[in-house]
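J.: Sharing a sequence plus its predicted fold:
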Amino acid sequence: MLFQSIRGLALERMQISEKGSIEIHMKELNNHLVVSVGCEYACGGAAIGRVIARDLKMAYYDRHIVDRIMEQVGVSPALLSLAEKGIDISGLRSEPGYSYAPTHYKNLTDRMVYIQKEVIKKLAERSSCVIIGRCSDYILRDRSDTLNVYIYGPKQYRLENVMNELHVDEKKAEELILENDDNLHARYLQITGTDWGERHNRQMLIDSSVLGVEGTAKYIEELILAFYDKIYSSGEALPEKGA
């Protein structure tokens, strides 16, 4: 059921404009590679991920695409909203029109965590891709063909991004940043048992305010290509570490 729903969505491969593409020539990746991009709210992480996917001709998956797949396999939007805040969802009762909760799940939180992990794993298996957030760095930690990047930014940079994007004042922008940071931390802790932004799961941490969206993407792409050459020239790449 899960695999069929992913296939039915055609994995929502993002169609990204070629305008503004970086000038360096990017070689096509003939072997499998996954790039997991974790990011703070309002630091441009999703936009950077889209540029990387465009330049390297990789599939692109973000929160909205993953949530749409989860809805197709029986998770309601209301429960997705609760899960986004890292709220434990007790009970096995399903909502009208949605079916879930086999008896071996002790609550709906466990089921939703399981489904999200399976969706991320299936996306990573199907083709080379860029995955934004969704705890993908942790979920794919046993894949040797996965590079994990974390993007962050100074508070003022993030405030300006929110104010410009959402047309709100600084006070409201700060509230939104705090709320989203709290939600991201709670969800990451719920799924992984570790702190959001944990550096030991990542191969690069980068401040996006230094180079901006295009410049940051270009810098990350250099690491991606070096990582790609290393694992495939040395024969290190395996679907699972230790397999």
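T.: In hand now; what should we look at?
J.: Could you check how many residues crowd around the closest residue to residue 132 other than its chain neighbours?
T.: Spatially, and ignoring its direct neighbours in sequence, residue 132 is nearest to residue 62 (4.1 Å; Cβ to Cβ, 6 or more residues apart in numbering). Just so you know, the C-beta spots here come from the backbone N, C-alpha and C atoms, and that holds for glycine as well. Around residue 62 sit 19 other residues, with neighbours defined as other Cβ atoms under 10 Å.
J.: next SSE after the worst-scoring helix or strand of the chain on mean pLDDT?
T.: Least confident helix or strand, the chain: helix 2-8 with a mean of 45, by mean pLDDT, DSSP states H and E. Using DSSP states H and E, the next helix or strand after helix 2-8 towards the C-terminus is strand 34-39.
J.: quick one: strands adjacent to that next one?
T.: Strand 34-39 has the following strand partners under DSSP bridges: strand 129-132 (parallel), strand 146-152 (parallel).
J.: Could I get the CA-only coordinates of the longest one as PDB?
T.: The reference is to strand 146-152. Output in PDB follows, covering the C-alpha atoms of strand 146-152 (Å, rounded to 0.1, in the frame of the first residue of the first chain):
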ATOM      1  CA  THR A 146      23.800   9.500   2.000                       C
ATOM      2  CA  LEU A 147      25.300  12.900   2.700                       C
ATOM      3  CA  ASN A 148      23.800  14.900   5.600                       C
ATOM      4  CA  VAL A 149      23.900  18.700   5.600                       C
ATOM      5  CA  TYR A 150      22.600  21.100   8.200                       C
ATOM      6  CA  ILE A 151      21.800  24.700   7.300                       C
ATOM      7  CA  TYR A 152      21.300  27.400   9.900                       C
END
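J.: Beyond that strand, next helix or strand please.
T.: helix 155-166.
J.: now do the shortest one
T.: Proceeding N to C from strand 129-132, the next assigned helix or strand is helix 136-139, under DSSP H and E.
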